[in-house]
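K.L.:
pasting the structure only:
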């Protein structure tokens, strides 16, 4: 089983809402006493949960390019697990015009953990499939794999205030009142992954989809500073601006 957690690399984005997927994988790694290792365009750690080998994988490209390392990881491990099918896969690729996005990864079960501004902060939704829901990282994965048929764990971050740019919102840090509950939210996401690995997706859906970690109206968001808004008038280099655009 592979758990992909979405986020942006570099410390600048470490504590932002868009990195909630990273935070959950980091929490699971700490629980299992694991260290992530660099593998080029991703970081990975491996453990056993419920008698199964589980990979925790964090794409190290920016959010909008998450699909590429996901596809590369799945293709590499599909080839490793199905060595006897290697020649057959090559023949199929040749017959299909060598489409690098063919689903050669279908033998590797995986899911994706990511932030979702369509859900209230503190809510979790686990689904066996679905659309990208406007999330650029998920859109990249769907485009690279050419399918929406894979499970996902959506972690609510709440919607931005009226008139606030969504890109600015997801790249901002959690407000102080939210940070009081953030450890519980991360722990719930971590525990959901453990239930999926040790029991089943349906078991996790039954346990976590109806769980309300934070009562509605408990968190009152204050004004959010726009210090992370990507604009040209702050003296940013083109490289920095491009990275921030890809981070949304």
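P.N.:
Perfect, I can see it now. What you are looking at is a predicted structure, and each value in this text was computed from that prediction instead of being measured.

K.L.:
okay, and the helix or strand of the chain with the least pLDDT?
P.N.:
Of all helical and strand segments in the chain, the minimum by mean pLDDT, DSSP states H and E falls on helix 86-95, at a mean of 42.

K.L.:
packing partners of the next helix or strand after that one?
P.N.:
Remark: after helix 86-95, the chain's next helix or strand is strand 110-116, criterion DSSP states H and E. Packed against strand 110-116 by the contact rule (3 or more CB pairs under 8 Å, 6 or more residues apart in numbering; DSSP states H and E) you find strand 2-5, helix 20-31, helix 67-81, helix 136-145, strand 152-156, helix 176-198. C-betas here are computed from N, CA, C, even on glycine.

K.L.:
can you list contacts of strand 110-116?
P.N.:
Residues outside strand 110-116 that contact it (CB atoms under 8 Å, 6 or more residues apart in numbering): 1-6, 17-21, 24-25, 70, 74, 125, 133, 135, 137-138, 141, 150-157, 170, 189, 193, 196, 201.

K.L.:
what lines up beside the helix or strand following that strand in the sheet?
P.N.:
Following strand 110-116 in sequence order, the next helix or strand is strand 124-127 (DSSP H and E). Next to strand 124-127 in the sheet, as set by DSSP bridges, lie strand 152-156 (antiparallel).

K.L.:
which residues touch the partner strand?
P.N.:
Contacts of strand 152-156 with the rest of the structure, by CB under 8 Å, 6+ apart, involve 20-21, 24, 111-127, 129-130, 133, 138, 185, 189, 192-193, 196.

K.L.:
any of these buried? List them.
P.N.:
Among the contacts of strand 152-156, those classed as buried by 16 or more other CB atoms under 10 Å are 20-21, 24, 111-117, 119-126, 133, 138, 185, 189, 192-193, 196.

K.L.:
residue 248: what's it in contact with?
P.N.:
With CB under 8 Å, 6+ apart, residue 248 has these contacts: 18, 63-64, 136, 167, 170-171.

K.L.:
residue 22 contacts residue 60, doesn't it?
P.N.:
No: under the criterion of CB atoms under 8 Å, residue 22 is not in contact with residue 60, lying 10.2 Å apart.

K.L.:
residue 52 is nearest to which of the helices and strands packed on strand 110-116?
P.N.:
Nearest to residue 52, of all the helices and strands packed on strand 110-116, is helix 176-198, at 5.8 Å by CB to CB.

K.L.:
how about the helix or strand just after that closest one: buried residues?
P.N.:
Going down the chain from helix 176-198, the next helix or strand is helix 201-208, by DSSP H and E. By 16+ other CB under 10 Å, the buried positions in helix 201-208 come out as 201, 204-205, 207-208.

K.L.:
now the helices and strands packed on strand 110-116 as CSV including distance to residue 246?
P.N.:
Converted to CSV, the helices and strands packed on strand 110-116 look like this (distance: least, CB to CB, whole Å):
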stretch, distance to residue 246
strand 2-5, 17
helix 20-31, 16
helix 67-81, 12
helix 136-145, 9
strand 152-156, 21
helix 176-198, 24
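
K.L.:
ok, of these, where does mean pLDDT dip lowest?
P.N.:
When the helices and strands packed on strand 110-116 are compared on mean pLDDT, helix 67-81 scores lowest, with a mean of 85.

K.L.:
mind listing what's buried in it?
P.N.:
Judged by neighbour count using 16+ other CB under 10 Å, the buried positions of helix 67-81 are 67-75, 77-79.

K.L.:
off-centre distance for that helix?
P.N.:
16 Å (CA atoms, centre = their mean, to the nearest Å).

K.L.:
give me the angle between it and helix 136-145.
P.N.:
Orientation check (axes from the mean of the first three to the mean of the last three CA atoms, to 10 degrees): helix 67-81 against helix 136-145 gives 50 degrees.

K.L.:
who are the packing partners of helix 67-81?
P.N.:
Other helices and strands packing on helix 67-81, by 3+ CB pairs under 8 Å, 6+ apart, are strand 2-5, strand 42-49, strand 52-59, strand 110-116, helix 136-145.
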